[in-house]
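K.L.:
Take this sequence and fold it.
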Amino acid sequence: MPMTVGTGVGANDLSLIPERARALEALGYDYITAGENQHDPFLPMLLVAEHTERIRFGTGVAIAFPRVPYVSANVAWDLARYSGGRFVLGLGTQVKGHNERRFSVPWGPPGPRLREYVQCMRAIWDSWQNGAEANFEGEYYQFKLMTPNFSPGPIEHPDIDVLIAAVNPFNARMAGEVGDGIAMHPFSTFKYVREVMIPAVQDGARRAERELSDLTITGGGFVVTGRDEQEVATAKEWARQRIGFYGSTRSYSKVLSLHGWDDEAALLHKLSIEGKWDELPNIVTDDVMDEFCVIGTWDELPAKMREKYAGINTQVSFGATPNNPDEADQIRELIAELQTIPSVGEV
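P.N.:
Residues are numbered from 1 along each chain as shown. Next up, the predicted model:
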């Protein structure tokens with residue numbers, strides 16, 4: 001499987017997305033994502049579908065539990081129909097606090113619940129496409145009723161890829177077993193990816209009698225780059241802040257523990273509880289940054305990303321906006337170089 005290159009849609013204002021999507025496709029990107037941070041992740045996807053022709057796109061990621069499986073299945077079905085099968089549904093669980101206190105939904109075991117969520121969606125799609133009986137009943141979700149009046153009916157491209165976001169081995173294993181791939185959290189060192197995440201995905205794939213090379217593997221780590229050293233330095237401090245923020249979440253402490261950074265994890269969590277968010281980056285040393293990040297100018301980036309990502313991903317992320325035609329040509333060349341990085345199974 002050749003390495004593909006993705007990037008975020010890069011615009012919070014919906015009115016800017018059509019132009020942005022066309023520009024990204026023209027630069028040679030293979031994939032566009034929109035996450036569920038400040039805005040809904042599905043609305044930008046409709047605009048991307050409308051204003052592009054070949055590029056694949058997907059939620060990166062949508063938070064699953066605030067939406068029941070039927071709702072996610074429905075919007076994914078419509079986007080797949082409209083785009084000619086280019087839409088990918090990326091799903092994540094988020095953590096307990098955000099589910100309960102931000103999204104107002106009850107919390108339960110996230111891994112088993114998300115597994116059932118995906119299985120329920122596939123049962124719904126099977127009903128719409130093939131007329132299968134609505135007979136899914138699980139511990140958390142059920143799909144027992146489907147009348148002809150409410151079925152959207154079959155579509156030309158019904159096999160919608162589902163990527164599962166993961167930062168722990170359980171969800172990584174599940175992504176390999178019931179998903180079509182994994183979207184690894186950026187809060188993953190490359191040691192953690194190689195020693196923990198990829199083996200877990202491979203174990204899940206083996207359970208489903210699939211090969212690792214059959215799956216999409218994307219995410220993991222931060223790409224810190226810019227035109228020159230000054231831009232790289234600015235991006236580096238942004239990444240330092242994000243690593244500190246994510247590191248303060250106890251659910252992600254396994255990543256830090258692998259490197260013996262348990263004291264740092266405890267301190268980051270303590271500072272977050274005290275509301276001292278500005279102090280979090282101070283705990284993230286340059287040694288920590290080196291484990292989490294690929295750091296370099298545009299010129300340096302292909303070689304450094306090859307060193308970090310070769311053999312562990314099928315897709316890498318790189319974001320850049322050209323200021324002139326020469327920079328556009330440079331980005332096209334850079335993307336073409338990144339596409340030559342050996343992907344899973346090629347190393």
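K.L.:
Listing request: residues of the protein with sub-threshold pLDDT.
P.N.:
Applying pLDDT under 70 to the chain flags the ranges 347.
K.L.:
longest helix anywhere in it?
P.N.:
In terms of residue count, the longest helix belonging to the chain (DSSP state H) is helix 110-130.
K.L.:
And the helices in the stretch 151-300 of the chain?
P.N.:
Using DSSP state H, counting those that start in this stretch, the helices of the stretch 151-300 of the chain run over 169-178, 190-192, 198-207, 229-247, 253-258, 262-273, 286-292.
K.L.:
among those helices, which is nearest G345?
P.N.:
Taking CB to CB, helix 198-207 is the member of the helices of the stretch 151-300 of the chain nearest to G345, at 10.6 Å. Backbone N, C-alpha and C define where each C-beta goes, glycine included.
K.L.:
if I pick M184, what's in contact with it?
P.N.:
165-167, 172, 193, 197, 217-220 (CB atoms under 8 Å, 6 or more residues apart in numbering).
K.L.:
most packed of the helices of the stretch 151-300 of the chain?
P.N.:
Among these, helix 169-178 has the highest mean neighbour count (mean count of other CB atoms under 10 Å), at a mean of 24.
K.L.:
Taking helix 198-207 as reference, get the angle to it.
P.N.:
Angle of helix 169-178 versus helix 198-207, following axes from the mean of the first three to the mean of the last three CA atoms, to 10 degrees, is 40 degrees.
K.L.:
what helices or strands is helix 169-178 leaning on?
P.N.:
The helices and strands touching helix 169-178, judged by 3 or more CB pairs under 8 Å, 6 or more residues apart in numbering; DSSP states H and E, are helix 110-130, strand 162-166, strand 181-184, helix 198-207.
K.L.:
Okay, buried residues for the first one please.
P.N.:
Just to be clear, that refers to helix 110-130. 110-111, 113-129 (16 or more other CB atoms under 10 Å).
K.L.:
Also stretch 158-170?
P.N.:
Using 16+ other CB under 10 Å as the test for burial, stretch 158-170 gives 160-170.
K.L.:
Report the two of those residues separated the most.
P.N.:
I160 and P169 (25.5 Å).
K.L.:
Mind splitting this protein into its structural domains?
P.N.:
Listed domain ranges for the chain are 4-225+298-338, 228-297 (source: automatic domain parsing).
K.L.:
Show the end-to-end separation of the last one, please.
P.N.:
Pointing back at domain 228-297 there. Chord length of domain 228-297, first to last residue, is 6 Å (CA to CA, to the nearest Å).
K.L.:
Show me how far that domain is from its chain's centre.
P.N.:
Counting by CA atoms, centre = their mean, to the nearest Å, domain 228-297 is centred 19 Å from the centre of its parent chain.
K.L.:
Please apply the same query to the longest one.
P.N.:
Its chain's C-alpha centre and that of domain 4-225+298-338 lie 5 Å apart, by CA atoms, centre = their mean.
K.L.:
residue contacts, the residue nearest to G85 when sequence neighbours are not counted?
P.N.:
Nearest residue to G85 in three dimensions, chain neighbours excluded: H157, at 2.7 Å (CB to CB, 6 or more residues apart in numbering). Counting by CB under 8 Å, 6+ apart, H157 touches 80-81, 84-85.
K.L.:
so what's the closest residue to E237 other than its chain neighbours up against?
P.N.:
Take E237 and drop its neighbours on the chain: the residue closest to it by CB to CB, 6+ apart is P281, 7.1 Å away. Residues in contact with P281 (CB under 8 Å, 6+ apart) are 237, 240-241, 243-244.
K.L.:
run the last query once more with 10 Å
P.N.:
P281 sits next to 237-245 when contact means CB atoms under 10 Å, 6 or more residues apart in numbering.
K.L.:
can you check A62 too?
P.N.:
Neighbour list for A62: 34-36, 40-42, 45, 72, 75-76, 89-92, 165 [criterion: CB under 10 Å, 6+ apart].
K.L.:
Pull out the buried residues from those.
P.N.:
Among the contacts of A62, those buried by neighbour count (16+ other CB under 10 Å) are 34-36, 41-42, 45, 72, 75-76, 89-92, 165.
K.L.:
In helices, which of those residues fall?
P.N.:
Mapping the buried ones among the contacts of A62 onto helices (DSSP H) picks out 45, 72, 75-76.
K.L.:
Which two of those have the greatest separation?
P.N.:
Longest distance between any two of these is 12.4 Å, between M45 and S72; criterion CB to CB.
K.L.:
Any chance you could list residues touching both of the two?
P.N.:
Contact criterion CB under 10 Å, 6+ apart; residues shared by M45 and S72: 59, 62, 89.
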